[in-house]
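Asker: Sequence and predicted model, in that order:
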Amino acid sequence: MVESGLRESDPSRGGTERKHRESIARLPPVQQTQEGPEAVVLNCSLVRCCTAIPLLLGWLSVAAEPRTTFTNPILTQGADPWVLHQGNAYHFCFSRDRQVWVSTSRRLEQIGTVAPVSVWTPGTGRPWSRNLWAPELHFLSGRYYIYLAADDGDNARHRMFVLEGDTSDPQKPFQLRGKIHAPDDHWAIDGTVLTLPGDRLYFLWSGWEGETNVQQNLYIAPMSDPLTLSGPRVQISEPTRDWERHGRPWVNEGPQVLWHGGRLWVIYSASGSWTDDYCLGALEWLGGDVLRSESWVKRPAPVFARTETVFGPGHASFVTSPDGTEDWIVYHAAQFRGAGWKRDIRMQRFTWNPDGSPDFGTPVAPGVPLALPSGTPAE
């Protein structure tokens, strides 16, 4: 991220200011030449000091102005960002070094720069010890839960697991409560939770139809509580369109719930995450039983896709600005063309089309100044 000006606590500026004060205190007396006392030669130290004072005052003026913009990326390395906006805080949940971490910030653009806290370490030699993917922090039924994919080092054994946390602090330690799975118990990643009116819970995830890695589909199943699936899975999407079929196997993954005006959308990632054509697609709920595939319709084109300067944008989460007046997407993108799984974290504001569907626009190129979310508190 780019800082404009110098902070008041900047030690380099303080050191410069101190040196100028010391220079003023040590100024030698005015010297006169042999031609007479009226011919005065100023000491060069005084010249340097007088030149530096206006520059220093300019620095102080810039430092006093609050920062109003940011640039992407907000985190130079990372993938599958999940952010929970709760109260006046943004909780960023991610995996790193075979641990699950949570960082908390009052400013959305600083989620990746504040110090995180490790909330769970799986240990070694267990079915959930390796490849911790896409953890998501949820607050359900008065308690924090984290859903994440993990395996024993063999991707074919990837399954979803659930961790249970505290009732008030998402940075306190979490405990493993076990695998969360449908009766057929196939390969599964990228789990998330849909809550319908009446606190009815449903689990959404990406999985294989059988035991072979042919393609990844999106599934939904009912939940009896945050720890348990209570029925069979139902497929609601598979990669059938050309823009969902870049790279093999074909992929639908990373489903995310997005509500607006009483309408429900599932925004998901399509095509191989290692390709430049990774993108976001959208399913809209038409009403009725969410466990029926007929209740969902897929948009014919991607809703967020690559440009000439941004590649592989996908796997997003959605939050509002601090004052609740704006909608923001937090996503990852490839660091450069052909970067594969070298990705970074970015964010930008989105709006809504006249028909009520989300308008994500196009991914903004790195380095372009963007206005901070409305209501962002002072640093």
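Answerer: Alright, I've got the coordinates.
Asker: quick one: low-confidence ranges for the stretch 51-200 of the chain?
Answerer: The model of the stretch 51-200 of the chain has pLDDT under 70 over residues 51-64.
Asker: which stretches of it form strands?
Answerer: For the stretch 51-200 of the chain, the strands defined by DSSP state E, counting those that start in this stretch occupy 69-70, 82-86, 89-96, 99-105, 117-120, 130-140, 143-151, 159-164, 175-179, 188-196, 200-207.
Asker: Report the inter-axis angle for the last one versus strand 130-140.
Answerer: Interaxial angle, strand 200-207 versus strand 130-140 (axes from the mean of the first three to the mean of the last three CA atoms, to 10 degrees): 160 degrees.
Asker: Also the third one?
Answerer: Between the axes of strand 89-96 and strand 130-140, defined by the same axes, to 10 degrees, the angle is 160 degrees.
Asker: Give the other helices and strands that strand 89-96 contacts.
Answerer: Strand 89-96 sits against strand 82-86, strand 99-105, strand 130-140, with contacts defined as 3 or more CB pairs under 8 Å, 6 or more residues apart in numbering; DSSP states H and E. Glycine gets a C-beta too; all of them are placed from N, C-alpha and C.
Asker: so what strands line up beside the longest one?
Answerer: The strands that strand 130-140 pairs with in its sheet are strand 143-151 (antiparallel) (by DSSP bridges).
Asker: Ok, the second one next?
Answerer: Based on DSSP bridges, the strands next to strand 99-105 in the sheet, each with its direction, are strand 89-96 (antiparallel), strand 117-120 (antiparallel).
Asker: List the buried residues for the first one?
Answerer: Okay, so that is strand 89-96. By neighbour count with 16 or more other CB atoms under 10 Å, strand 89-96 contains the buried residues 90-95.
Asker: How about the last one?
Answerer: Residues of strand 117-120 classed as buried under the neighbour-count rule (16+ other CB under 10 Å) are 119-120.
Asker: what do you get for stretch 260-276?
Answerer: For stretch 260-276, burial by neighbour count (16+ other CB under 10 Å) applies to 263-276.
Asker: same check, this time on stretch 318-332
Answerer: Residues of stretch 318-332 classed as buried under the neighbour-count rule (16+ other CB under 10 Å) are 318-319, 321-322, 326-332.
Asker: same check, this time on stretch 95-103
Answerer: By neighbour count, with 16+ other CB under 10 Å as the criterion, the buried positions of stretch 95-103 are 95, 100-103.
Asker: And for stretch 364-371?
Answerer: Buried residues in stretch 364-371, counted by 16+ other CB under 10 Å: 364, 366, 370.
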